[in-house]
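**Q** could you look at this predicted model? Sequence included:
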Amino acid sequence: QKEVEQNSGPLSVPEGAIASLNCTYSDRVSQSFFWYRQYSGKSPELIMSIYSNGDKEDGRFTAQLNKASQYVSLLIRDSQPSDSATYLCAVNTPEGNNRLAFGKGNQVVVIP
Amino acid sequence: NAGVTQTPKFQVLKTGQSMTLQCAQDMNHNSMYWYRQDPGMGLRLIYYSASEGTTDKGEVPNGYNVSRLNKREFSLRLESAAPSQTSVYFCASSEILDWYNEQFFGPGTRLTVL
């Protein structure tokens, strides 16, 4: 089982709608979780960190964590064309000096 | 603050040539990382340095060596480049406190090995 899995395939959403991205992880003892945004040809940019069960909101972004079910999600409200990017889920693994395990990413396309 | 900087931005090598990718951070972070990113493979950790003076292998270390020159700088060396090392290389840094490990990435080096 892969450490971090994200839904395959691009997600197309109309401008102004909510984009929902999901991520599951295999290591039950993982403690911290991150979402990165990566524009084409650019480097990953940290947009959300979450450490406790529940929701964390930052502007139009909401991260949701459920450790019992081992998933973390990202909601993008009022999606804008500038949100079109690939979103990477990352999970802190307790072994190996807190190495981050990354999912392969989900591409989001916001259609004007 | 520049954050994490990398040089060069682009590089083309011939098989068997060597080169060093440079990375520096000005955030006073203890930990630094080298990743490669390939289509369909996601980000994979090559080497990391938890603190100055230490380095450890990541997921895909073969064909690479690293040097943590000081707290700011962490270099990645390809001794004999192979076409399989064509990739985008990212350096990152973080300050690890308990489970806190927010990593910040440099702009990347796009390497082609012919």
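**A** The structure has been received and is ready for your questions.

**Q** pLDDT-wise, which helix or strand of chain A ranks last?
**A** Sorting the helices and strands of chain A by mean pLDDT, DSSP states H and E puts helix A:95-98 at the bottom, at a mean of 62.

**Q** could you list the low-confidence segments of chain B?
**A** Confidence mapping of chain B against pLDDT under 70 gives the ranges B:98-99.

**Q** residue boundaries of the strands in it?
**A** Per DSSP state E, chain B carries strands over the ranges B:4-7, B:10-13, B:19-25, B:31-38, B:42-49, B:56-57, B:64-68, B:74-78, B:87-94, B:104-105, B:109-113.

**Q** residues contacting the second one, please?
**A** Counting contacts by C-beta atoms under 8 Å, 6 or more residues apart in numbering or on different chains, the residues outside strand B:10-13 that touch it are B:19, B:21, B:78, B:81, B:109-114. Placement of C-beta: from N, CA and C, glycine included.

**Q** so which residues on chain B come close to chain A?
**A** With C-beta under 8 Å from any C-beta of the partner chain as the criterion, chain B meets chain A at residues B:31, B:40-43, B:45, B:48, B:50, B:56, B:58, B:90, B:96, B:98-108.

**Q** give me the buried subset of the residues you listed.
**A** Neighbour counting by 16 or more other C-beta atoms under 10 Å in any protein chain shown classes B:31, B:42-43, B:45, B:48, B:50, B:58, B:90, B:96, B:101-108 among the residues of chain B next to chain A as buried.

**Q** residue contacts, the residue most central in space within chain B?
**A** Closest to where the C-alpha atoms of chain B average out (C-alpha atoms, centre = their mean) is B:Trp34, at 2.6 Å. Going by C-beta under 8 Å, 6+ apart, B:Trp34 touches B:21, B:23, B:45-48, B:58, B:64, B:66, B:74, B:76, B:89-91.

**Q** rerun that using 10 Å as the cut-off
**A** Counting by C-beta atoms under 10 Å, 6 or more residues apart in numbering or on different chains, B:Trp34 makes contact with B:6, B:21, B:23, B:44-49, B:55, B:58, B:60-61, B:64, B:66, B:74-76, B:89-92, B:106.

**Q** I'd say A:Ala19 and A:Pro81 touch.
**A** No - with contact defined as C-beta atoms under 10 Å, A:Ala19 does not count as touching A:Pro81 (12.0 Å).

**Q** neighbour count: these two, which is higher?
**A** A:Ala19 (23 against 10; other C-beta atoms under 10 Å in any protein chain shown).

**Q** per-residue pLDDT, that one?
**A** Per-residue pLDDT puts A:Ala19 at 95.

**Q** nearest residue to it in space, please, no chain neighbours.
**A** Ranked by C-beta to C-beta, 6 or more residues apart in numbering or on different chains and with sequence neighbours excluded, the top spatial neighbour of A:Ala19 is A:Ile76, at 4.2 Å.

**Q** same deal with B:Gln25?
**A** Per C-beta to C-beta, 6+ apart, closest to B:Gln25 is B:Ser93, 4.1 Å.

**Q** bridged to that neighbour, which residues?
**A** Beta bridges link B:Ser93 to B:Met32, B:Phe104, judged by DSSP bridges.

**Q** since that was my last question, I'll sign off now.
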